[in-house]
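Chemist: Got a predicted structure plus its sequence, pasted below:
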Amino acid sequence: MIINILSILLMAAGLFFFLGAVVGIVRFPDFYTRMHAAGKGDTLSTMLITGAMALQVLHHFDWSHWTDLFVVVKIMAIGVLIMLTSPTSTHALMQAGYDDGIEPVARPKKKGIVSLDDSPGGDTELTPSATRIAGDGGGKGKGTK
Amino acid sequence: METFFIYSGITLLLMMAPVFYRIIVGPTAIDRIVAVNVIGTKTAVLLIIIGMLFDDVAMFVDFALAYALLNFIGSLAAARYFNKTRPAYGAGSSGKGEMT
């Protein structure tokens, strides 16, 4: 009974964090912020849900089917594997995007944060590449080729 | 408890649908790859839930392990492929990739 309640709590927490990751992936304005949401929420929700699954398998364990212990170990191995690989792949993809020259949506200036979408395009403080990306594909639905 | 796992799986599957939105309309190619990576990770989790529902976790957990490994390898391969070789904003958009 205790194990069931703990498993339900872990599963609910995992679904909650995955909901946060999904909202971040859909709603965040920028490539880097979307990577941030995907890398963190996805990893934590995966670990929580695999923990719930391992607890549930351990709950139905008896010694006549003792190989279920390996199943528990494998489920925990999936959690540990995703804990190691998901930030690695997120980091690699973010490095690839940075090398491709994707600009962040906002940059700090002397007077606070100014979004690139708010600039009319002839702003001299922005680099030419930043205005080009903001004009072409960076903005939400603004003239994407 | 079976019912709880069924509805958890359905909820997980329904929450994958907005990520498909990011796959379809993602402005850069790497946005799409990140969304595919998230969906692949959640599919590995969903395979364990399916195995729990079918009372055969010992078989499905191997599928989930292989799926997680292949997902990781695919993401790294895509990251290496898109690293300075392809423009970020889709094909044919006049060389935004060579700006560094």
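Modeler: Thanks, I have it.
Chemist: what residue ranges in chain B score low on pLDDT?
Modeler: Where chain B drops to pLDDT under 70, the residues are B:84-100.
Chemist: 50 instead?
Modeler: Filtered on pLDDT under 50, chain B yields the residue ranges B:91-100.
Chemist: mind listing the helices for it?
Modeler: B:2-15, B:17-25, B:29-53, B:57-82 (DSSP state H).
Chemist: other SSEs contacting the longest helix along chain A?
Modeler: Scanning chain A for the longest helix, with DSSP H as the assignment, gives helix A:68-99. Judged by 3 or more Cβ pairs under 8 Å, 6 or more residues apart in numbering or on different chains; DSSP states H and E, helix A:68-99 is in contact with helix A:31-59, helix B:29-53, helix B:57-82. In short, each C-beta sits where N, CA and C put it, glycine included.
Chemist: Make TSV out of those helices and add distance to residue A:66.
Modeler: What follows is the helices and strands packed on helix A:68-99, written out as TSV (distance: least, Cβ to Cβ, whole Å):
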stretch	distance to residue A:66
helix A:31-59	12
helix B:29-53	18
helix B:57-82	12
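Chemist: got those as TSV, with mean neighbour count and distance to residue A:6 columns?
Modeler: TSV is the format used below for the helices and strands packed on helix A:68-99 (neighbours: other Cβ atoms under 10 Å in any protein chain shown; distance: least, Cβ to Cβ, whole Å):
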stretch	mean neighbour count	distance to residue A:6
helix A:31-59	22	6
helix B:29-53	23	16
helix B:57-82	18	18
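Chemist: So for residue A:13, which of the ones you listed sits nearest?
Modeler: Nearest to residue A:13, of all these, is helix A:31-59, at 5.0 Å by Cβ to Cβ.
Chemist: Model confidence for the residue most central in space within chain A, exactly?
Modeler: Central residue of chain A (Cα atoms, centre = their mean): residue A:38, 1.2 Å from the mean position. The per-residue pLDDT reported for residue A:38 equals 88.
Chemist: just checking, it touches residue A:24?
Modeler: Yes - Residue A:38 lies in contact with residue A:24 (Cβ atoms under 8 Å); the separation is 7.2 Å.
Chemist: Enumerate every residue touching residue A:26.
Modeler: Counting by Cβ atoms under 8 Å, 6 or more residues apart in numbering or on different chains, residue A:26 touches B:18-19, B:21-22.
Chemist: ok, now with 10 Å
Modeler: Residues near residue A:26 by Cβ atoms under 10 Å, 6 or more residues apart in numbering or on different chains: A:34, A:37, B:17-22, B:25, B:35.
Chemist: same thing with residue A:95?
Modeler: Counting by Cβ under 10 Å, 6+ apart, residue A:95 makes contact with B:79-80, B:83.
Chemist: swap in residue B:31?
Modeler: Contacts of residue B:31 (Cβ under 10 Å, 6+ apart): A:25, A:30-31, A:34-35, A:38, A:93, A:97, A:102, B:22-23, B:25, B:88.
Chemist: swap the cut-off to 7 Å and go again
Modeler: The contact partners of residue B:31, by Cβ atoms under 7 Å, 6 or more residues apart in numbering or on different chains, come to A:31, A:34, B:22.
Chemist: how close does the second one sit to residue A:89?
Modeler: For residue A:34, the distance to residue A:89 equals 14 Å [Cβ to Cβ, to the nearest Å].
Chemist: Check the last one too.
Modeler: Plainly put, residue B:22 is 16 Å away from residue A:89 if you go by Cβ to Cβ.
Chemist: In terms of neighbours, single out the busier of those two.
Modeler: residue A:89 (26 against 23; other Cβ atoms under 10 Å in any protein chain shown).
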